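In: please work out how this folds:
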Amino acid sequence: MYAIIDIGSNTIRLNVYQVEEDGAIHSIFQSKETAGLAGYVREDGSMSREGLDRAADALLRFRSILDALHIENRAVFATASLRNITNSEEAVFQLQERTGLMIRLLSGREEAILDYVGATSGMEEQGAGHGAGHRRRLHRVGLLLSGQDTPRRLHPPGLPEPV
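Out: Residues are numbered from 1 along each chain as shown. All right, here's what the predicted structure looks like:
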């Protein structure tokens with residue numbers, strides 16, 4: 001099983017997936033915490049201590065779940081929530097130190113590619129409530145599995161190849 005933790009501006013999401021030998025991906029477990037990180041950005045553009053506390057608390061809860069389920073294959077991604085603040089490097093470092101999780105800060109380009117691929121892909125779980133956001137998270141599993149920054153197999157046609 002594989003786990004993705006997605007740190008967004010409003011919610012922090014945990015998704016656990018089973019990946020079959022044929023490449024099929026099945027959602028096993030989902031949880032989200034409304035952290036409202038965007039509301040903790042100060043006038044100088046930095047994330048406040050309270051915002052970092054909210055994020056760390058959610059990440060620690062999710063880590064506890066993953067530890068209890070013995071899921072070692074995990075990836076933590078942050079998007080604009082941490083990318084666009086003035087203390088981005090410090091915030092990522094503090095969260096990693098406090099939680100023991102390695103956080104991958106996606107560039108705006110990487111996030112845009114994942115959003116595009118997720119929105120235009122036919123890769124989707126059956127069932128209600130699985131829209132483009134769910135497909136984006138499924139494609140982030142591809143990042144985890146590939147071990148590359150932007151897998152060529154997920155690269156949208158017509159855009160320059162990632163470097």
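In: what's the longest helix in the chain?
Out: If you go by DSSP state H, the chain has its longest helix at helix 49-68.
In: return the set of buried residues in it.
Out: Neighbour counts over helix 49-68 (16 or more other Cβ atoms under 10 Å) mark 51-52, 54-56, 58-59, 62-63, 66 as buried. For glycine as for every other residue, the C-beta is placed from the backbone atoms N, C-alpha and C.
In: same thing with stretch 94-102?
Out: Within stretch 94-102, the residues scored as buried using 16+ other Cβ under 10 Å are 94-95, 99, 101.
In: take the residues you listed and keep only those in helices.
Out: In helices, judged by DSSP H, the following of those are found: 94-95, 99.
In: now do the strands in this protein.
Out: 2-7, 11-19, 25-34, 73-78, 103-105 (DSSP state E).
In: sorry, back to before: turn the buried residues of helix 49-68 into JSON lines, including pLDDT.
Out: Compiled in JSON lines, the buried residues of helix 49-68 are given as follows (pLDDT from 0 to 100):
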{"residue": "Gly51", "pLDDT": "95"}
{"residue": "Leu52", "pLDDT": "96"}
{"residue": "Arg54", "pLDDT": "96"}
{"residue": "Ala55", "pLDDT": "96"}
{"residue": "Ala56", "pLDDT": "96"}
{"residue": "Ala58", "pLDDT": "96"}
{"residue": "Leu59", "pLDDT": "97"}
{"residue": "Phe62", "pLDDT": "96"}
{"residue": "Arg63", "pLDDT": "96"}
{"residue": "Leu66", "pLDDT": "95"}
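In: out of the residues you listed, which one sits closest to Ala35?
Out: Nearest to Ala35 out of the buried residues of helix 49-68 is Arg54 (Cβ to Cβ; 4.6 Å).
In: closest one of the buried residues of helix 49-68 to Asp44?
Out: Nearest member of the buried residues of helix 49-68 to Asp44, counting by Cβ to Cβ, is Gly51, at 13.1 Å.
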